[in-house]
Structure formats: structure tokens, C-alpha cells
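Asker: below is the sequence, then the predicted model.
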Amino acid sequence: MRNLLRLCPLLLAVALLFGAGPAFAGKRVALVIANSAYQHAPSLTNPVNDGSVMARTLKEAGFDIVDSRHDLSALDTRRVLREFADATRDADIAVVYYAGHGIEVEGSNYLIPVDAKLERDTDVYDEALSLDRVLVAVDPAKQLRLVILDACRDNPFGKTMKRTVASRGIGRGLAQVEPTSPNTLIAYSAKAGFTAQDGDGANSPFTVALSKHLTTPGLDVRRAFGFVRDEVLKSTGNKQEPFVYGSLGGEDVPLVPVKVVAAPAAPVANPQADIRRDYELALQVGNRPAWDAFLAQHPDGFYSSLAKLQLEKIGAEQAHAAATEKAKQAEAERDRLAALGAQKDAQARAAADAKAAEQAQLAAQKVKEQAQQQAAAAEQQRVNLAAAAPNAAPATTASPAGTNVASLTPATAPADLNRSVQTELGRVGCFSGQADGNWNTSARRSLSQFNRYAGTKLDVKVASTDALDTVKSKPSRVCPLVCEHGFKADGDKCTKIVCGDGFALNDDNECEKKRAAKPSASKPATSRRDDSEDRPARQGPKVGAAGGYGGIGGIGAAAGVAAGAGRAAGGGQVYCNGGGCRPVSRGCHLEYRGGGGPGNDANTEVCN
């Protein structure tokens, strides 16, 4: 601590030397191209409107040259880029904004003029303009080369374009790029491989956000695109995420410099500016000793309250890490005792300790998230105040210790975090319910499903910022699509199974041929016993032509008669043998003895 305090003057001198952002007043040029009236593809509504908004925004920001064009052919586009390249030779900042159709082929990106036909995949090399050609036009700029593409739409030529080589890949949206020139940024309206929305109004959500944040005076261009990303995610329900490729140096690079006011003859030092620089230096270091050193120098005031929030965040993160480690140890001890077959009371104590540790971990997780959200909201408010009036003192210059700075933007409500996680889980196919912000059993089951297929170990009991960041990092479906009976998976949707004529859907979700219905035999109105007295014809044998009975030696008839054995004596039974047939005597009945044939009667008359 003492060493840090001794080093503070040196650190503050470094901050004074390098911390202040430069206010560039060099030449700034911009080219705006908007293509809507496509001749061989459906027209687009928003690009021309978006181009008008961006041209007006850049002109109002004081750009020296703003060349705005719309509905350009391939030849006109090449000519305009040549002319713009001449204007960038003595410029410090060069910006190209394009709205219209774009296409990715074999990992390279192309902007599509309005006269392109693209009948074959190879036509893109002749009829479209590569992104590299645009980068050549901005390359002479000395300080910042910025290309903004609101072109991440579906390819309108994809269905009709002939493939000359089956393996040639034509992607969805635009491909990821890595600029080779220094101080170059390429901003997409949607992340590589994804498509952007045109929105419900006259302008796209991306252009609306750009017009609000990109030309904020003194605001670093990277932070401006961060605000653009947040607004587009919010307005599209987390369906579209703008992305920026490339890198810049450590100094702030605003598109619009802060207006410099002539200093008075005897300038008065602003103590708040010194405190702000000390705060930003401590924020860059970001650990507990740095914040303790800051509070030792500045124990009261607006920035001291912000520093205390940062310390609370660090303490909450450390407490959560300790609680997580303790929970892991308690679970390991419980499992160890269970594996060794320890006494039940020892296992019960270990289980209780593990449950208590888990509850402590969940409580620490909630405290950590709340502290992170409060610190983030405070930092956002500070940045906004600095951007609006970088040399002015904050409206609230003193705040009691331990407060959360009531004048700052409130932290994100837990329901909003729950809703964001539910929305992202739905995007990757793991959640099918309504994103209502209620972290119920269905939501926990969805996050558990995500853990299973993504190979992660996120805590499913609460919706956390870690879970949100992890799910958002997945660019496509994670959980498999499961359809109800009668439907089948078709890409990311379930479509109904339709069977042809003569076929029906079985229990296995397959079409099989219908079976013909079997004719049902007509049954008599009443069913009567064969051996009843009023049905003697069913009992007796049939007489053959020779005066004998059907069957050899009366065997068939005798067997039929024998079926009534054991029933009431007599009962209309007839006894037959080689000598003929006669009624069975009263009080007697027939018993079947087997055999049969000449001289061997199958039945025997038995009398009681």
C-alpha cells in the first residue's frame, strides 16, 4: 500500500501524459452509397432512406466532404471509388457507408450494384465490387479508415444462381474479415454468417443506432460502436448483433472532436479533472490496492462513490469464488463419505454441509451479479457525463459512504437478465416457451439441456451474466429439434407429414399402406347348443346313397355324436354302428372310445 502511494505521483504523471484523448481537427471525408432499385432482384425499401440519414448525420458532424450516391451500376461504383480515393490522399479520417445487397463467395465479400444479374456464381467477380476494392479507396487516410456495411441481408440471387463448381461455397450474410492495414475498422450490421433486419420503420435498426452514437463529440469510435451494438440488440430482441473487425491503438479516436473553447488569460485548474484522471488510472489497474490508493487520496465526492462500487464488485467476485470453492469441497467430502460407506449420521452431516455451501454459493452469485450491474451502470453514467461535458464537474460531488450513487442509471433488473437468457436459449433451440423473465422449472430445464449439448457446466438454478455470455457465443442451434407426432424436422422448423393416397401415418411417424377391411361374417340372430333336443339334425349323421352314414364305417358320424357325451342322458342322441342307427335308450348316454372302422364301434352306449 505504502509503495503504491509513493508511486501515485509517477502514475498520475503518466496518466496526464497519455490519458487525455486527442481532439483531431484534420480533414475528414466520407462516401455514402445506397442501392435500393435493383434491376434483376426485388427492390429494397430502406437503403436509400438509410443513406440519406447517414449523409445528413456526417454533414452535421462537420465532415469536410460527404459524397452521397444511390442506385449505382457497377461502372458508376468503380468511378465513384476512384474519385473518393483521390479525396482521401490528404485526409486524416475516411469513412465509407454502404447500404444494399452484399454476398459472400469462397470467404470473400462483395457489394452488389443495381445492374448485377449474377446468373452464375462466377459472375460475382465481374459484376460485383469486392470489399478489398473499397478498402483500397480508404487506404490513403492517415489516422482512421472506417468501412460501415449495412449489407448483411439474404442473397436474392441464391435460388436462381447456377453453380459452376459444386464445391464453391456461397455463405449466409457476410464472411468474417481481418483488415491488414493498420488503423482500419470494418463494421457489419450483423455478425459474420448472420443476416440483418430492415426493421418496421423507414430505417434499419443499425442505421438508427449509428445516427445516434457514431458522431458524439469526443466519443471514441470503438465505444460508439459498443453503444450501437447494445441498442440494436435491444431493439431486435437479441436477434441481431452488430460486429466490428479490426483494431486501433491505445489513444481515443473520435469521429467528431470536442470543440475547443479558447482558454481564459488566467486558466483555473479544475480539481474534478484531476480526480477523474486518477479514477481512470485506478480503473485501468482494476485491483483492490489501486482502489484503496485512490480512496486514500480522494476519500469523498462523486468519484469516491464510484470507487467504492468498484471495490464492492471486487469483494463480491472474490466472495463468490470462495463460496464456489467451498461448495466443491463440500460436495467432494459428501461423495467421499458415501463411497466409503461411512455412518449415516456422518453422511447426513456432509450432505447438510454441501447443501448449505450450495445455498451460500447461490447467494454469493446474486450479490456478485448485482455488484457487477451496479458498477457497470455507474461506469456507463460516468462515460456519458465525460462525453457530454469532459471538463465539467459532476452534478453530484458528494455521496455518503456505502451508497449506490442514486443519481446513476439503475442496475438491470433480474427479470431483464432472465428474459435475455431465455431469449438466447430460444435462439439456439433449447427453450420453446415465452421469454417472460420468470426463471421457472422450464427455464432451468432448458439451460440444463444447453449444458448437455454444449458441454458446459453453467449453474441452472439462476440466470447469470456468465450464462448469457456463454449462450450468446453460440452462433447457431445447439439443442436438437424435437417435433411432435405427425411432424418432422425440416431445418430449424417442424413441418407436417403428409401421406399419399392409400397411405396412413403409423405410430412410428412413417407412412404405410392402408390395410383393406376384412368382411365380417354374418352371425345368426341366436346361438343354440348343438346337442339340444330341438337341433337333432346337427347331431345325427347324414345318410349316404347306399343307405349308410357319412364317413367310413360311421366313424365321422359317430365322432360327431360322441361330442355330446357327458351331457344329459338320451337327450336326442343317436347310436350308430355297422348295423344302422337307433335312438339312445332313456337313462343312457354315448361315450367315445376311439378307434372306429368295420367291426370296431367308436362309441359305446353306457347306461346307469
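Answerer: Received the coordinates, thanks. Numbers count the residues shown, from 1 in each chain.

Asker: what's the lengthiest helix in the chain packed up against?
Answerer: Criterion DSSP state H: the longest helix present in the chain is helix 344-388. Here helix 344-388 touches helix 302-340, going by 3 or more Cβ pairs under 8 Å, 6 or more residues apart in numbering; DSSP states H and E. Every C-beta, even on glycine, is put in place using the N, C-alpha and C of the backbone.

Asker: burial of residue 489, as a residue count?
Answerer: Residues lying near residue 489 (other Cβ atoms under 10 Å) number 12.

Asker: buried stuff in stretch 147-163?
Answerer: 147, 148, 149, 150, 151, 152, 153, 155, 156, 157, 161 (16 or more other Cβ atoms under 10 Å).

Asker: can you check the distance spanned by that stretch, start to finish?
Answerer: End-to-end distance for stretch 147-163: 30 Å, by Cα to Cα, to the nearest Å.

Asker: from the chain's centroid, how far away is that stretch?
Answerer: 23 Å (Cα atoms, centre = their mean, to the nearest Å).

Asker: then stretch 311-323?
Answerer: 30 Å.

Asker: dump it to PDB, keeping only the CA atoms.
Answerer: Taking Å, rounded to 0.1, in the frame of the first residue of the first chain, the C-alpha atoms of stretch 311-323 are listed here in PDB:
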ATOM      1  CA  LEU A 311     -14.500  -2.300  -4.500                       C
ATOM      2  CA  GLU A 312     -17.800  -3.900  -3.700                       C
ATOM      3  CA  LYS A 313     -17.800  -5.600  -7.100                       C
ATOM      4  CA  ILE A 314     -14.300  -7.000  -6.500                       C
ATOM      5  CA  GLY A 315     -15.300  -8.100  -3.000                       C
ATOM      6  CA  ALA A 316     -18.400  -9.800  -4.300                       C
ATOM      7  CA  GLU A 317     -16.500 -11.600  -7.100                       C
ATOM      8  CA  GLN A 318     -13.900 -12.800  -4.500                       C
ATOM      9  CA  ALA A 319     -16.700 -14.000  -2.100                       C
ATOM     10  CA  HIS A 320     -18.400 -15.800  -5.000                       C
ATOM     11  CA  ALA A 321     -15.100 -17.600  -5.900                       C
ATOM     12  CA  ALA A 322     -14.600 -18.600  -2.300                       C
ATOM     13  CA  ALA A 323     -18.200 -19.900  -2.000                       C
END
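
Asker: and the buried residues of stretch 147-163, which of them are in helices?
Answerer: Going by DSSP H, the helices hold none of those.

Asker: in TSV: those residues, plus pLDDT and distance to residue 496.
Answerer: What follows is these, written out as TSV (pLDDT from 0 to 100; distance: Cβ to Cβ, whole Å):
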residue	pLDDT	distance to residue 496
147	94	45
148	94	43
149	91	39
150	89	37
151	81	36
152	75	32
153	75	29
155	76	28
156	80	28
157	81	30
161	80	30
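
Asker: who does residue 98 bridge with?
Answerer: Residue 98 has these beta-bridge partners by DSSP bridges: residue 33, residue 149.

Asker: just give me the closest of the buried residues of stretch 147-163 to residue 516.
Answerer: residue 161 (49.2 Å; Cβ to Cβ).

Asker: thought the closest one was touching residue 116?
Answerer: No - Residue 161 is not in contact with residue 116 according to Cβ atoms under 8 Å; the separation is 10.8 Å.

Asker: which residues touch residue 428?
Answerer: When contacts are counted by Cβ atoms under 8 Å, 6 or more residues apart in numbering, residue 428 touches 450, 471, 474, 476, 477, 478, 479.

Asker: if you set the cut-off to 7 Å instead, what comes out?
Answerer: 450, 471, 474, 477, 478, 479 (Cβ atoms under 7 Å, 6 or more residues apart in numbering).

Asker: which one of those residues is nearest residue 358?
Answerer: residue 450 (20.2 Å).

Asker: measure the closest one to residue 428 for me?
Answerer: 7 Å (Cβ to Cβ, to the nearest Å).

Asker: what do the two both touch?
Answerer: 471, 478, 479.

Asker: so how far is residue 453 from the first one?
Answerer: Taking Cβ to Cβ as the measure, residue 471 and residue 453 are separated by 12 Å.

Asker: between the two, which one's more packed in?
Answerer: Between residue 471 and residue 453, residue 471 has the larger neighbour count (other Cβ under 10 Å), namely 27 against 15.

Asker: tell me the mean pLDDT for the helix or strand hosting the more buried one?
Answerer: Residue 471 is part of helix 465-472 when elements are defined by DSSP states H and E. For helix 465-472, the mean pLDDT works out to 86.

Asker: next one: that helix to chain centre, how far?
Answerer: Mean-position distance between helix 465-472 and its chain equals 10 Å (Cα atoms, centre = their mean).

Asker: please apply the same query to stretch 85-95.
Answerer: Worked out by Cα atoms, centre = their mean, stretch 85-95 lies 40 Å from the chain centre.

Asker: try stretch 83-97
Answerer: 39 Å.

Asker: next: stretch 368-383.
Answerer: 26 Å.

Asker: need the three-state assignment for residue 512.
Answerer: strand (DSSP: H, G, I helix; E, B strand; the rest coil).

Asker: excluding sequence neighbours, find me the nearest residue to it.
Answerer: For residue 512, ignoring the flanking residues on the chain, the nearest one in space by Cβ to Cβ, 6 or more residues apart in numbering is residue 506 at 5.1 Å.

Asker: against residue 494, how distant is that neighbour?
Answerer: Per Cβ to Cβ, residue 506 is found 18 Å from residue 494.

Asker: which of those two has more neighbours?
Answerer: The neighbour count for residue 506 versus residue 494, taken as other Cβ under 10 Å, is higher for residue 494 (15 against 10).

Asker: hey, what's the more buried one bridged with?
Answerer: residue 489.

Asker: which pLDDT value goes with it?
Answerer: Note for residue 494: predicted pLDDT of 80.

Asker: start the count at 31 instead of 1 going forward.
Answerer: With the count now opening at 31, the last piece we talked about shows up as residue 524.

Asker: for it, which residues are in contact?
Answerer: 511, 513, 517, 518.

Asker: could you check how far it is from residue 235?
Answerer: Between residue 524 and residue 235 the distance is 29 Å, computed by Cβ to Cβ.

Asker: now for this protein, the helix or strand with the poorest mean pLDDT.
Answerer: helix 585-592 (a mean of 41; mean pLDDT, DSSP states H and E).
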